[in-house]
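Colleague: Got a sequence here, can you build the structure:
(one chain, ligands or ions: 1)
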Amino acid sequence: MTNPYLKKWSAAILVIGNEVLVGRITDTNSQKIARVLTTLGFDVVEIRKVRDDIDAIAEAVKELCYDAGVVITTGGLGPTYDDVTAEAIAYAIGSPLCLNEEALEMVRNKLREIYGQEIEEVDEVRRKMAVLPCLAQPIPNKVGVAPGIYVKLNRCKIFSLPGVPREMEAMLNEFVTEELQKENLYAKVEVCERLEDVREAELAPLLKKFAEVYPDVYIKSHPGIEGERSFVRVCVLASGPTKENAQEKAQKVLSEFLKRSRRRLEIEMIEEIVNYTLNRIEFERKSLALPKRDKKGVIDFRASLEKDAFSIITEFKPSSPSGVRAKWAPIDYVNEVRPCSSAFSVLTEPKWFKGSYENLRLISSITDKPILMKDFVVDPFQIDIAYAFGADAVLLMVDVLGEDELSYLARKAKARGLQTLVEVSNKEDLVIYDKKPYVDVLGMNSRDFKTLKVDINRLHDGGFLIRRAFPLAESGVKSPEDAMKVASWGFRGALVGTSLMESNAPRELCVELKRKGSEALSARLRSRGLTPSVL
Ligand SMILES: O=C(O)c1ccccc1NCC(=O)[C@H](O)[C@H](O)COP(=O)(O)O
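Modeller: Numbers count the residues shown, from 1 in each chain. Prediction:
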C-alpha cells in the first residue's frame, strides 16, 4: 500500500549487512547517499540499518516505501549465502525472481575484463548476482561485478546498490543521479558561515526562533574549538524552483541570522533580557492560565493618538535597568495622568522592569484609553497573553526581532485585532519600517541599548522621515522643552515613563508636555502656512 500523502521528494536509505550491525565495518555509504539525495532536492526522512535477513529487509523496504518516494539500499548484492537483497526486494514488491539476461551479460563482461579471457559459462555462484526480481532493471557496475537493482513498488523507486563504497558511489553518481534528475525536483542549496568567539548555547534561542520563523529552510549549527577560541559554523539549507532561487533564499536567511546574532551579542543587556524572556515564555506557556478578556472589543490605539495634536502615552514602569525611583502604584498613577493621557503603556516584563500581567489587567479595567503591553515580545504566545489581559496594542522591537520575525509576530497581533507599536533605534530603520503595512505606530527610541543612556538629540528630525505610520518619540522626554524639541522634529507624540513615575505631580508634568508639544507642532504647521486642525 502507498501512503496517499507520500511526497515523491522524500527519500529513505536502508543499510543492509550484519557486518555493520556487529560493528566490524563503519557505514559511510548512508552519509554519502544522503548528501547526494539532498543536493538533488530530496528530503531524506530516514536512514535505517538492518541485518542480512530476507524478512527484515523486505519489511523495512515496504515500510520505508510507504512514506518515501525513493528508497536506496546498500549492501547484500554479492555472490555469498548472506547476500539476500535481491530476494528480499522481490519478496517486498511481490515479484518472482528471474535470471535477468542483461544482468548476466554485465556479469560476463566484467569477468572477461577481470580475467582477460572469454567466459563461456558463468558459474552458478556468480549467476546468483544476475538473479533479480523479474520486473527489475539491472544497474551497470563499472567498478565491481554485481549489478545493482532498479525497481518500483507502486510510486516508490527502489535502487539497490552494492555495499563496497567505490562500487556504490559509481552507481550513485551516474545511474541513480541521472534517473532522479528526471524528477524535475526543487533545487537545494546550502550556505554556511562561521561565527567567531561564540558558543552554541548562546545561539540556541535564536536558532530556535529562526527554525519557527523560516519553516521551509533547515538551519543548523556546528560548534568547534580552535586553540582557546570557540566558534560556531551556521548552515542554512534552502530549496527553490531554480538553483539561483534556492541560493538567494538560503543566503537571505543566513545573512539575517548573522546580522541578528551579532547585534544581539553586541547589545549584551538586550541579549540577556531576550534569552530570559524566551525561557520565561516557555514556562508561562505551561503554567499560565489565560483569563477570558474582560474588556469588550479592542480600542483603536492609533486613532486615539491621532485625536490630539501632540499625544502622550503615559507609561506605568515600576522599575528599569537604567533605574527609576517610582513613586506610584497603578491605580493612583492612572488617576493622576488620566486627563492628559492618549494611551497607557504598561510594563509586563517581571525581572528587570518589575512589571506584571495583573497590572495590565488592572489598568485596562479602570480606563477607556487604549493600552500598550510593553514587553520583549519574542513569541506568538505573548500576543495571546496581551489580548487576554486587556491590551490593545503590542510593542515589537526591530533590534530584538529583525524583519521577518517581526512581520510574523505583527501578523499574529493583527489576527488578534491588536495594533503594533514598532520600535527602531536608527533613522535608516525608520524609513524601512514606515513602508510596512503592519506598522500602526512607529517609534524611535533615543536610548543607546549598549550604554542604556538616553539622548533625545538622536531623534533629531526623525519624525519627518515617517509619512505613513504615526511618528512617536520614545525615552528620555523629561521636560516641556524636550516635548517641544521632539514635536519640532516631526514627532506627533511621546512615550513617557521615568519622568512621570518619578514626579510628585505627574498630572501637571504630563499636561505641560502635551501643551508644549502641541504648541511646537502648531508653530511648525503655521510656519508652513498650514492650519493645525486638531488643536
Ligand atoms: O528603560 C530602560 O532602562 C530600558 C532598558 C533596556 C531596554 C529598554 C528600556 N526601556 C524601555 C523603553 O523604551 C522606555 O520604557 C520607554 O521608552 C519610556 O522611556 P522613559 O520615559 O525614558 O522611561
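
Colleague: where does the stretch 201-350 of the chain come near the ligand, residue by residue?
Modeller: Within reach of the ligand by Cβ under 6 Å from any ligand atom, the stretch 201-350 of the chain has these residues: 269, 315, 317, 320, 321, 322. In short, each C-beta sits where N, CA and C put it, glycine included.

Colleague: Give me the three-state assignment for the residue in the stretch 51-200 of the chain that the ligand sits nearest to.
Modeller: In the stretch 51-200 of the chain, no residue comes nearer to the ligand than residue 198, which is 22.2 Å away by Cβ to the nearest ligand atom. At residue 198, secondary structure determined by DSSP: H, G, I helix; E, B strand; the rest coil is coil.

Colleague: Pop out the phi and psi values for the closest residue to it other than its chain neighbours.
Modeller: Using Cβ to Cβ, 6 or more residues apart in numbering and skipping residues adjacent in sequence, the residue nearest residue 198 is residue 232, 5.5 Å away. For residue 232, the backbone dihedrals (degrees, to the nearest 10) come out as phi -130, psi 130.

Colleague: So residue 232 sits against residue 222, correct?
Modeller: Yes. If you go by Cβ atoms under 8 Å, residue 232 and residue 222 touch, sitting 6.9 Å apart.

Colleague: quick one, which of these two is more surrounded?
Modeller: residue 232 (21 against 12; other Cβ atoms under 10 Å).

Colleague: so what's that one scoring on pLDDT?
Modeller: At residue 232, the pLDDT value in this model is 93.

Colleague: cool, the one 5 residues further on as well?
Modeller: Residue 237 is assigned a predicted lDDT (pLDDT) of 90.

Colleague: which helices and strands does the helix or strand that contains it pack with?
Modeller: Taking DSSP states H and E as the criterion, residue 237 maps to strand 229-240. Counting contacts by 3 or more Cβ pairs under 8 Å, 6 or more residues apart in numbering; DSSP states H and E, strand 229-240 is packed against strand 187-196, helix 200-213, strand 218-226, helix 243-266.

Colleague: List the contacts of it.
Modeller: Contacts to strand 229-240, defined as Cβ atoms under 8 Å, 6 or more residues apart in numbering, come from residues 38, 41, 186-200, 203, 207, 216-225, 246-251, 253-254, 257-258, 261.

Colleague: just stretch 329-344 next, same as before
Modeller: 301, 304-305, 307-308, 311-316, 328, 359, 362-363, 366-367, 369-372, 392-393, 493, 500-501, 506-507, 510-511, 513-514.

Colleague: Check the residues you listed for burial and list the buried ones.
Modeller: 301, 304-305, 308, 311-316, 328, 359, 362-363, 367, 369-372, 392-393, 493, 500-501, 506-507, 510-511, 513-514 (16 or more other Cβ atoms under 10 Å).

Colleague: give me phi/psi at residue 152?
Modeller: Taking degrees, to the nearest 10 as the convention, residue 152 sits at phi -120, psi 140.

Colleague: Spit out the contact partners of the closest residue to it other than its chain neighbours.
Modeller: The spatial neighbour of residue 152 that comes closest, neighbours along the chain excluded (Cβ to Cβ, 6+ apart), is residue 158 at 6.9 Å. Shown in contact with residue 158 (Cβ under 8 Å, 6+ apart): 61, 65, 71, 72, 73, 89, 92, 93, 149, 150, 151, 152.

Colleague: and the residue of the stretch 1-150 of the chain nearest the ligand?
Modeller: For the stretch 1-150 of the chain, Cβ to the nearest ligand atom, closest residue to the ligand: residue 43, 40.9 Å.

Colleague: what's the domain layout of this structure?
Modeller: 4-181, 187-264, 288-534 (automatic domain parsing).

Colleague: I'd say residue 89 and residue 60 touch.
Modeller: No. With contacts counted by Cβ under 8 Å, residue 89 stays clear of residue 60, the gap being 10.8 Å.

Colleague: So these two - more neighbours on which side?
Modeller: Neighbours were counted for residue 89 and for residue 60 using other Cβ under 10 Å; residue 89 has more, 26 against 23.

Colleague: what helix or strand is that one on?
Modeller: Assigned by DSSP H and E, residue 89 falls in helix 85-93.

Colleague: how about the next helix or strand after that helix: buried residues?
Modeller: Next helix or strand after helix 85-93 toward the C-terminus (DSSP H and E): strand 97-99. With burial defined by 16+ other Cβ under 10 Å, not one residue of strand 97-99 is counted as buried.

Colleague: What are the contacting residues of the next helix or strand after strand 97-99?
Modeller: Sequence-wise, the next helix or strand downstream of strand 97-99 (DSSP H and E) is helix 101-115. For helix 101-115, the surrounding residues in contact (Cβ under 8 Å, 6+ apart) are 118-119, 122, 126-127, 129-130, 132, 137-138, 140-141, 144-147.

Colleague: How about the secondary structure of residue 429?
Modeller: Residue 429 ends up helix, using three-state DSSP.

Colleague: Quick check: chain neighbours aside, which residue is closest to it?
Modeller: That would be residue 398: by Cβ to Cβ, 6+ apart, it lies 5.4 Å from residue 429.

Colleague: State the number of residues packed around that neighbour.
Modeller: 21.

Colleague: Then residue 352?
Modeller: For residue 352, using other Cβ under 10 Å, the count is 17.

Colleague: same thing with residue 407?
Modeller: Residue 407: 19 neighbours (other Cβ under 10 Å).

Colleague: outside of the helix or strand containing it, which residues touch it?
Modeller: Counting by DSSP H and E, the element that carries residue 407 is helix 398-415. Contacting residues not belonging to helix 398-415 are listed as 209, 213-214, 256, 259-260, 263-264, 267, 270, 274, 376-378, 380, 383, 386, 393-394, 396, 419-420, 422-425, 429, 432-433, 436, 438-439, 449 [Cβ under 8 Å, 6+ apart].

Colleague: helix or strand right after it?
Modeller: strand 419-424.

Colleague: Just the residues contacting that following strand, thanks.
Modeller: By Cβ under 8 Å, 6+ apart, strand 419-424 touches 298, 300-302, 370, 372, 392-399, 406, 410, 413-414, 430, 433, 436, 438-445, 469, 472, 474.

Colleague: what angle do that strand and helix 398-415 make?
Modeller: Angle of strand 419-424 versus helix 398-415, following axes from the mean of the first three to the mean of the last three Cα atoms, to 10 degrees, is 170 degrees.

Colleague: can you tell if strand 419-424 touches the ligand?
Modeller: No. Judged by Cβ under 6 Å from any ligand atom, strand 419-424 makes no contact with the ligand; its nearest approach is 6.9 Å.

Colleague: Pull the number of nearby residues for the closest residue in space to residue 242 that isn't next to it in sequence.
Modeller: Leaving aside its sequence neighbours, residue 242 sits nearest to residue 187 (Cβ to Cβ, 6+ apart; 5.9 Å). Counted with other Cβ under 10 Å, residues neighbouring residue 187 total 17.
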